[in-house]
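Engineer: Compute the structure for the input listed below.
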Amino acid sequence: MKTKHIYFILCVFLAFSFARCTEGIFDFDQEQYKKTVYIMSNNAMIYDRMTADLDKSEDTLYITVGVGGTLATTEDIAFTLEPGDSLFKAYNKSNFDIDSASYARLLPSENYTIPLLDGVIKAGENTAIIPVYLKKLDRLSPDSIYFLDYKIKQLNKFEINKDKKESLFRIHWKNKWSETKNVPIYSVMAQKWTENKIWSASLNDSIYQSNNDTSKISASPKIFPLGKNKVRVAAGSEKSGTLQEINSNSIMLEITENNDVIIKPYQSIYVEQINGNTEYCNKYIDEKIVTPGGKCTYYKTFMLHYRYKTTGASNKWIRMQERLRLQYNPLADK
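Structural biologist: Sure, this is the predicted structure:
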């Protein structure tokens, strides 16, 4: 009799435990099936993983919309995007406060096209993309920050993730020698002359005459992409921190199909190219250096010869023979 009583109590306990487990499984399933839709971004609500290639007349950025949840969706999720501005305004306020000259800018309409703002996350998938076609980025300043700001307007089912409903899309671009996302720092080894005479002949190294004030310099300038085959760098060892310094002290290097380099003023600087030197021949070179042990090191190298003077300087010209060099990995640089 006592054994039957114990058996009855055990059965009741097992039944109660099974009911609790079943209730727990039901709640877990409910949580698994809870879906929220979001726009992909980082913790700062910014998406900046893509860089447009200036070598192309038009390149593509993708706005990615995703759905959260443990299990895959069993039905299509239709969504619509629309332009936003709250994140853009918050970004400028938090980063620059009243320094409006440094504010980020919305990408001008002439620099992109978005054919459709409607998309569908297909059943069984967890993301969908909206293409943004970028163009004419060579007309933009590499010293400014550009964004697109978009948010989810509506869905045909499920909920919008309130913390991920809007995103800023940072616009970056690159060419063979530089990019705006991670602006490369080149090394410079150069010979510098300060001119005490006025040139009386054409700028050719074979008849060049200089006087005194000679020095060697080393520097680590940043090179910025301006177009498919153009970059900007500070002349000699000039400063280029502020916008005024950039405009006054920078030169532009235009690289031809034959890798000849044409040196031009970026803004208000005076610069004249000097030709005729065998080593500093105004060329771009893809260097490959092999050690005795067979190890290869690759460099992007500019060999330059020019003279310049800035608008704020005296009438004396500064002549430069310089090597701009950047080590790189040809396998990663594609």
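Engineer: Settle this for me: Leu296 is touching Ile289, isn't it.
Structural biologist: One thing to correct before we go on: residue 296 is Cys, not Leu. Yes. Cys296 is within contact range of Ile289, at 7.1 Å (criterion: CB atoms under 8 Å). Backbone N, C-alpha and C define where each C-beta goes, glycine included.
Engineer: Contact partners for Tyr38?
Structural biologist: Shown in contact with Tyr38 (CB atoms under 8 Å, 6 or more residues apart in numbering): Val65, Gly66, Val67, Gly68, Ile152, Ile160, Asn161, Asp163, Lys164, Lys165.
Engineer: where along the stretch 201-334 of the chain do the helices fall?
Structural biologist: Counting by DSSP state H, counting those that start in this stretch, the stretch 201-334 of the chain has helices at residues 243-249.
Engineer: okay, and for the stretch 201-334 of the chain, where does confidence drop off?
Structural biologist: In the predicted model, the stretch 201-334 of the chain carries pLDDT under 70 at residues 201-213, 312-315, 334.
Engineer: what about the residue lying closest to Leu116 once chain neighbours are set aside, how many neighbours?
Structural biologist: Nearest non-adjacent residue to Leu116, counting by CB to CB, 6 or more residues apart in numbering: Ile130, 6.8 Å away. For Ile130, the neighbour count with other CB atoms under 10 Å is 19.
Engineer: What of the one 5 residues further on?
Structural biologist: With neighbours defined by other CB under 10 Å, the count for Lys135 comes to 15.
Engineer: That one - nearest residue in space that isn't next to it in sequence?
Structural biologist: Glu58 (4.8 Å).
Engineer: Wait, the one you found touches Leu134, no?
Structural biologist: Yes. Contact criterion CB under 8 Å: Glu58 and Leu134 qualify, at 6.7 Å.
Engineer: okay, who's weakest in the contacts of Tyr38 by pLDDT?
Structural biologist: Note: of those, the lowest pLDDT belongs to Gly68, at 87.
Engineer: Could I get the pLDDT score of the closest residue in space to that one that isn't next to it in sequence?
Structural biologist: Spatially, and ignoring its direct neighbours in sequence, Gly68 is nearest to Thr36 (4.9 Å; CB to CB, 6+ apart). Reported pLDDT at Thr36 in the predicted model: 92.
Engineer: contacting residues for Val261?
Structural biologist: Val261 makes contact with Leu253, Glu254, Ile255, Asn282, Lys283, Tyr284, Phe302, Leu304 under the criterion CB under 8 Å, 6+ apart.
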